[in-house]
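In: Would you be able to build a 3D model of this:
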Amino acid sequence: MNWRRLIIVTVLLLSAQPLTAQTLSPQAPSATSELAIGGDPSVDPSAQTLVAENAALRSQLGELAVEQELMRLQLEELQSQFAGAAALPTLSPQIEGSQSDIESLEPALSAESEYWCPPEEAKGLGTLYDNIEHYQDGIVIWQAPADASVPLLMKFNLNTQVRYLNTTLCDDTFTDHLGQVREVQKRNDITVNRTMFILGGYIFDDRLRYSSTVWTAAGAASIVVAGNIGWQFNEGLTLTGGYTGVPGSRSLVNTFPFWTAMDRTMADNFFRPGFTQGVWANGEPVKGLNYLAFVGNGINTLNISANKIDADLMLSGSVWWEPLGDYGGTGKSRNMYDDYFASEKTRIRLGTSFTRSREDRFSNLDQTTPDNTGLYNSDGILTFSTGAFAPGVTVDRATYEMWAIDGGIKRNGLAINGQYFFRRIDDFIADGPLPVDVTYDNGFELSVSYFVTPKKLAIYGRGSRVFGQFGDSWEYAGGAKCYPVPSERMWVAAELMRVEKSPYSGAFTPYTAGLTGWVPMVQAILAF
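Out: Presented below is the predicted three-dimensional model:
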């Protein structure tokens with residue numbers, strides 16, 4: 001109880017004490033008049049009773065007045081908390097009140113809702129009831145005010161892919177270019193194929209960017225913890241160091257996982273580089289013209305310790321042009337292949353990527369599964385495995401060069417995307433003679449998607465082909481994607497794929513070396 005309330009209550013209590021007979025109602029005879037006519041109030045029973053009753057009544061009225069003042073003060077405090085909203089009902093000077101008046105006070109005084117207010121009136125109550133947007137291309141954990149002494153943004157992003165894959169309908173074996181019969185690894189499983197937890201934002205200065213990522217692939221039993229530190233000079237230049245995808249293919253340049261199909265195509269997986277640590281510069285120096293230039297350790301150094309990585313650095317880069325406006329929406333899905341938003345405006349994307357790396361097998365052991373698993377020959381055999389080119393011969397070093405040209409077009413829910421690949425591997429160093437000095441492989445991918453129901457249901461078809469040094473391979477597939485929530489960040493997809501002699505094997509992809517046959521898949525993806 002504050003000092004103001006204490007003073008008021010004290011005054012009311014004092015005023016509630018029995019008063020003199022002059023303050024009684026005129027209908028009641030006073031003690032003075034009774035004495036004037038010879039009466040004695042100390043001995044008159046009726047006078048004594050009347051005085052006692054009046055004193056008790058005054059005491060009750062004083063207590064009621066105290067209670068009423070306390071309630072008035074409480075209501076004033078509630079009204080001050082709800083400034084800007086409709087005024088709460090107040091008590092009339094009389095103690096009596098209608099049942100509706102009392103019921104209207106119950107929500108405000110209820111212990112279940114200390115700051116209750118009708119929803120339609122709550123909009124004007126300031127920040128307490130404002131609809132603060134906590135999702136800004138990710139869940140905002142904390143963002144300091146613009147005038148804070150330490151600028152700070154921490155945001156949480158998540159990518160999760162749950163997939164059912166069945167390759168049991170495929171052939172049991174395949175034959176490599178040396179005539180060796182090899183087993184096809186078949187699958188029939190449900191996996192949390194990818195999960196990525198990303199914490200990122202800026203701190204101390206809004207140009208100082210950071211991110212920390214935990215990347216898991218249940219199919220590969222792999223866990224990678226990666227971090228990045230960057231500085232954004234302007235829209236045309238951001239310099240970053242850390243872990244990332246090597247930008248040798250369009251699928252590795254900020255498009256994951258918003259591709260047409262449920263995963264990268266067979267040809268893309270065969271030709272593309274992988275993931276490594278390095279330093280890169282990226283930006284949009286001219287509206288619609290984007291670039292990413294990268295220097296890193298190798299085309300794929302996931303789970304490779306530093307003492308195994310050689311001293312040769314890899315160079316890679318990608319440039320793409322969007323002359324008719326942004327190819328996708330905004331934020332994380334900006335580079336998505338599909339036309340989810342079904343814009344009536346035609347948009348195109350033209351790009352090219354190049355990668356060159358001197359590769360090492362990362363192991364001195366005579367083995368069919370070397371530590372460097374980034375390169376495959378076109379017959380599905382790891383380039384650095386023993387016997388890949390000749391029986392008993394192991395390649396220790398080789399130079400990888402890959403050039404890709406890509407393009408895409410979108411309009412009214414229709415999207416067409418394609419990419420052509422050229423790959424060269426040469427400068428072999430081996431422990432024995434090889435039948436070739438260089439290998440040339442090329443191929444393409446093409447996908448078409450259309451939203452039958454805007455933002456709800458899309459159908460698609462895709463295909464890819466590899467024309468290889470040691471054999472050709474191809475695939476085609478069709479599927480549908482359903483978007484159960486009003487966002488492009490979550491979808492469920494079903495696909496049926498036909499593969500002929502897959503030249504690539506990857507535990508978190510649907511492909512295994514030599515795969516030939518029909519492959520059904522169903523999956524759900526959440527990427528926010």
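In: Can you pull out the low-pLDDT segments for the stretch 401-528 of the chain?
Out: Within the stretch 401-528 of the chain, no stretch has pLDDT under 70.
In: just the chain next, same as before
Out: The chain contains residues with pLDDT under 70 at 1-57, 59, 61-62, 66, 75, 77-132, 363-369.
In: Where do the domain boundaries of it fall?
Out: Per automatic domain parsing, the structural domains of the chain span 3-122, 139-527.
In: okay, those domains in TSV with distance to residue 133 and mean neighbour count next?
Out: The way it works is simple: take the backbone N, C-alpha and C, and place the C-beta from them, glycine included. TSV is the format used below for those (distance: least, C-beta to C-beta, whole Å; neighbours: other C-beta atoms under 10 Å):
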stretch	distance to residue 133	mean neighbour count
domain 3-122	17	13
domain 139-527	8	18
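In: how close does the closest residue in space to residue 383 that isn't next to it in sequence get to residue 424?
Out: Among residues not flanking residue 383 along the chain, residue 375 sits closest, at 3.9 Å (C-beta to C-beta, 6 or more residues apart in numbering). As judged by C-beta to C-beta, to the nearest Å, residue 375 and residue 424 stand 12 Å apart.
In: Common neighbours of these two, please.
Out: Taking C-beta atoms under 8 Å, 6 or more residues apart in numbering as the criterion, residue 375 and residue 424 both touch residue 400.
In: which ones are touching the closest residue to residue 391 other than its chain neighbours?
Out: Distance criterion C-beta to C-beta, 6+ apart; nearest residue to residue 391, sequence neighbours excluded, is residue 178 at 6.9 Å. The contact partners of residue 178, by C-beta under 8 Å, 6+ apart, come to 387, 390-391.
In: Among these, find me the one that's closest to residue 262.
Out: Of all those, residue 387 has the smallest distance to residue 262: 33.3 Å, by C-beta to C-beta.
In: Would you check that the closest one makes contact with residue 377?
Out: No. The pair residue 387 / residue 377 is not scored as a contact, 10.9 Å apart, by C-beta atoms under 8 Å.
In: Tell me the secondary structure at residue 332.
Out: Classification of residue 332 by DSSP: H, G, I helix; E, B strand; the rest coil places it in helix.
In: got a list of what it touches?
Out: Counting by C-beta under 8 Å, 6+ apart, residue 332 touches 137-138, 157, 489, 527-528.
In: how about those residues in TSV, adding distance to residue 473?
Out: Shown next, in TSV, are these (distance: C-beta to C-beta, whole Å):
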residue	distance to residue 473
137	38
138	38
157	35
489	33
527	29
528	35
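In: Give me the subset of these lying in helices.
Out: Here DSSP state H is the test, and the contacts of residue 332 give no hits in helices at all.
In: for those residues, which one is nearest residue 435?
Out: Residue 435 lies nearest to residue 527 out of those, by C-beta to C-beta, at 45.0 Å.
In: got the contact list for the closest residue to the closest one other than its chain neighbours?
Out: Among residues not flanking residue 527 along the chain, residue 159 sits closest, at 4.7 Å (C-beta to C-beta, 6+ apart). Residues in contact with residue 159, defined by C-beta under 8 Å, 6+ apart, are 194-196, 198, 256-257, 525-527.
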